[in-house]
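**Student:** here's a sequence, model it:
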Amino acid sequence: MDGEPFIADVRVNGTDFVPSLVDYGCLCYGAVSKRISLSPVATYTRPAAHLGECSGDGKEVKIDKITYVSIDLDGHQQHRVFMYVIDDLNWDMILGKRWMEDQDVHIHAKEGYLEIGSNGVQYHKWSRAFSQQLADQLPPHRPGVDLKIEVLKDEHGREKPLPWGPLYSMSREELLVLRKTLTELLDKGFIRVSSSPAAAPVLMRDRYPLPLLSETLRTIAKARWFTKTTFRTRYGSFEWLVVPFGLTGAPAAFQRYINSALQDYLDDFVSAYIDDVLIFSSGSLQDHRDKVGKVLQRLMDAGLQLDINKSEFEVKAVKYLGFIIEAECGIRVDPEKVEAVKEWATPTNVKSVRSFIGFANFYRMFMPEFSPSKLKDLLITAPILAHFHPERETIVEDASGFASGGVLLQRDDKDGLVRPVAYFSKKHSAAEANYAIHDKELLAILRCLEQWEPELRAVEHFKILTDHKNLRYFYSERRLTERQVRWSEFLSRFQFELEWRPGRKGGLPDALSTGPGYAGQLLR
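**Tutor:** Sure, this is the predicted structure:
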């Protein structure tokens, strides 16, 4: 840019405003001075290089460090922005050519302003939804939504005696934090001094249902774009005027409210799990932006505030409910969630065993062999599960040994490979273990179809591969047992054909039904 340099005030890492040079002559993404890199931000050493394209004046400078910063330019926010660290930089920060191109920045020198065409400006109309000032204010009463604490009654309809909770011992440091927290909550109006005759940690639960994780993941399969009571203290008794974290009825109450606010959009292009809202779409970027605008407007109308630091806009991959969901690719385990598995100590009691199994069970749909001896490796190396597409060729492989097992597969239109969508296994009960082989195989099919009924009911036709040849003649049998008649009625809901394949080719389903050590190759 010719003439006077263009200087913009940029808030760095959520603190100070920094005069920054916006320079098309700086060919890299951007650079910061040593002063900025000394703030509480990680700095990484890299092999030294001498570059003349990042200093802003064309002089060759030594660069051996990089860092990541968050920047806020008049409401346009970016997180983890890559920057070179230059010791003797003339400016605290330079935003270069690559940044301008990436963010679609245009300099209007005569008028003295920048035009930024990315999502920070796209959604500026709804900036009040991200206002910290509004978030710190007491929200309005919402009839029909405000929480009410019900007192339990005895068999005669009389209220039970109200409990008086004990005080817990606290260290001096904990007491200082408690006093500071109480002061902040009182100043915001979130709590008030209470004269209530009761204070207890136990409340009645709100039974409003939370969304099923499996249904939520199915709903977003084709998306291309994603945007995710009185208490006693040493200092007296206080009562909440807002719903606190940990209140047993809070999740259900908030889920009810968020569902009512977004009712028209749920499962169409929005998924809301308590306070985690995901907007998804399979169309154009502009179509996605229109939908984001609708959701932001609806949340503003409902008086809900969002955290800009936890928001992502117009991304192709997103962390949601413990998974990584990637456009046109699939669902995989969040590496951060399972990193601790590598260092997980061997369980030494019933409680620790339950804790580990419970953690692993959350991800069992990724694991073809769900056995304690292999859980660590299976979690760490969990494959990417493909999204389910009703129009693709669909195959169910089943097997039955000591358990029912199966894998749901679909052929990828791009490379012709058959990829896993989900795994399933369930141990036989004592009675089921005594079934005839014919019925065990049929039970395996039945359980697979029950597990994946929402997906398979949407498919016009699919194959079931079985290693029991006689099952092909099941529908032609004249005499069926009472159990087989019940099963036949359920199977008639699906459009499938049974195809025999030799047991030795069962591979993965056989491993699911007979235990570890038998996993083979998927179909090719």
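**Student:** so where do the helices sit in the stretch 251-400 of the chain?
**Tutor:** Along the stretch 251-400 of the chain, the stretches classed as helices by DSSP state H, counting those that start in this stretch are 285-301, 335-338, 350-362, 375-380.
**Student:** typo on my end, the stretch 401-524 of the chain
**Tutor:** 437-451, 453-456, 482-491, 508-514.
**Student:** please identify the buried residues of the longest one?
**Tutor:** For helix 437-451, a neighbour-count test (16 or more other C-beta atoms under 10 Å) marks D439, K440, E441, L442, L443, A444, I445, L446, R447, C448, L449, Q451 as buried. The way it works is simple: take the backbone N, C-alpha and C, and place the C-beta from them, glycine included.
**Student:** what angle do that helix and helix 482-491 make?
**Tutor:** 30 degrees (axes from the mean of the first three to the mean of the last three C-alpha atoms, to 10 degrees).
**Student:** when you give positions from now on, start the count at 57
**Tutor:** All right, first residue 57 from here; so that's helix 493-507.
**Student:** how does this structure divide up, domain by domain?
**Tutor:** Annotated domains of the chain cover 62-173, 228-368, 388-435, 442-570 [automatic domain parsing].
**Student:** related to what we said a few turns ago, V348: which of the buried residues of helix 493-507 is nearest?
**Tutor:** Q507 (34.1 Å; C-beta to C-beta).
**Student:** state the pLDDT value of that closest one.
**Tutor:** Note on Q507: pLDDT of 84.
**Student:** likewise A459?
**Tutor:** Looking at A459, its pLDDT is 75.
**Student:** how many other residues sit next to it?
**Tutor:** 21 (other C-beta atoms under 10 Å).
**Student:** the closest residue to it other than its chain neighbours and G461: what is the separation?
**Tutor:** Closest residue to A459 apart from its sequence neighbours, by C-beta to C-beta, 6 or more residues apart in numbering: K483 at 4.4 Å. Separation of K483 from G461 (C-beta to C-beta, to the nearest Å): 10 Å.
**Student:** give the pairing partners of the longest strand anywhere in the chain; include direction for each.
**Tutor:** When the chain is parsed with DSSP state E, its longest strand is strand 117-129. Note on strand 117-129: by DSSP bridges, its sheet partners are strand 62-68 (antiparallel), strand 99-107 (antiparallel), strand 132-142 (antiparallel).
**Student:** for those strands, which has the smallest mean pLDDT value?
**Tutor:** Averaging pLDDT over each of these puts strand 99-107 lowest, since it has a mean of 53.
**Student:** flag the shaky bits of the stretch 407-556 of the chain, pLDDT-wise.
**Tutor:** For the stretch 407-556 of the chain, the stretches with pLDDT under 70 are 407-441, 455-458, 524-535.
**Student:** which residues does the residue lying closest to H164 once chain neighbours are set aside contact?
**Tutor:** If the residues on either side of it in the chain are set aside, H164 comes closest to E171, at 6.3 Å by C-beta to C-beta, 6+ apart. Residues in contact with E171 (C-beta atoms under 8 Å, 6 or more residues apart in numbering) are V161, H162, I163, H164, V177.
**Student:** sorry, back to before: same list (the buried residues of helix 493-507) but as a markdown table, adding distance to D144.
**Tutor:** Putting the buried residues of helix 493-507 into a markdown table (distance: C-beta to C-beta, whole Å) gives the following:
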| residue | distance to D144 |
| --- | --- |
| D495 | 80 |
| K496 | 76 |
| E497 | 75 |
| L498 | 77 |
| L499 | 75 |
| A500 | 71 |
| I501 | 72 |
| L502 | 73 |
| R503 | 69 |
| C504 | 66 |
| L505 | 69 |
| Q507 | 64 |
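**Student:** wait, which of those residues is closest to F138?
**Tutor:** Q507 (43.9 Å).
**Student:** next, the contact list for the closest one, please.
**Tutor:** Contacts for Q507 (C-beta under 8 Å, 6+ apart) come out as G462, A478, F480.
**Student:** and which of these is nearest to W543?
**Tutor:** Distances from W543 to those, taken by C-beta to C-beta, are shortest for G462, at 15.4 Å.
**Student:** can you give me every residue that contacts the closest residue to that closest one other than its chain neighbours?
**Tutor:** Nearest residue to G462, sequence neighbours excluded (C-beta to C-beta, 6+ apart): C504, at 3.8 Å. Applying C-beta under 8 Å, 6+ apart, we find C504 in contact with V452, D454, S460, G462, L464, F480, I520.
**Student:** so which of those residues are in strands?
**Tutor:** Counting by DSSP E, the part of those found in strands is V452, D454, S460, G462, L464, F480, I520.
**Student:** which one of the residues you listed is nearest to I63?
**Tutor:** L464 (57.8 Å).
**Student:** surely the closest one and E511 touch.
**Tutor:** Yes - L464 is within contact range of E511, at 7.0 Å (criterion: C-beta atoms under 8 Å).
**Student:** what do those two both touch?
**Tutor:** Joint contacts of L464 and E511 (C-beta under 8 Å, 6+ apart) are F444, T450, V477.
**Student:** could those go into a markdown table alongside neighbour count and distance to G386?
**Tutor:** Shown next, in a markdown table, are the shared contacts of L464 and E511 (neighbours: other C-beta atoms under 10 Å; distance: C-beta to C-beta, whole Å):
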| residue | neighbour count | distance to G386 |
| --- | --- | --- |
| F444 | 22 | 10 |
| T450 | 25 | 16 |
| V477 | 23 | 9 |
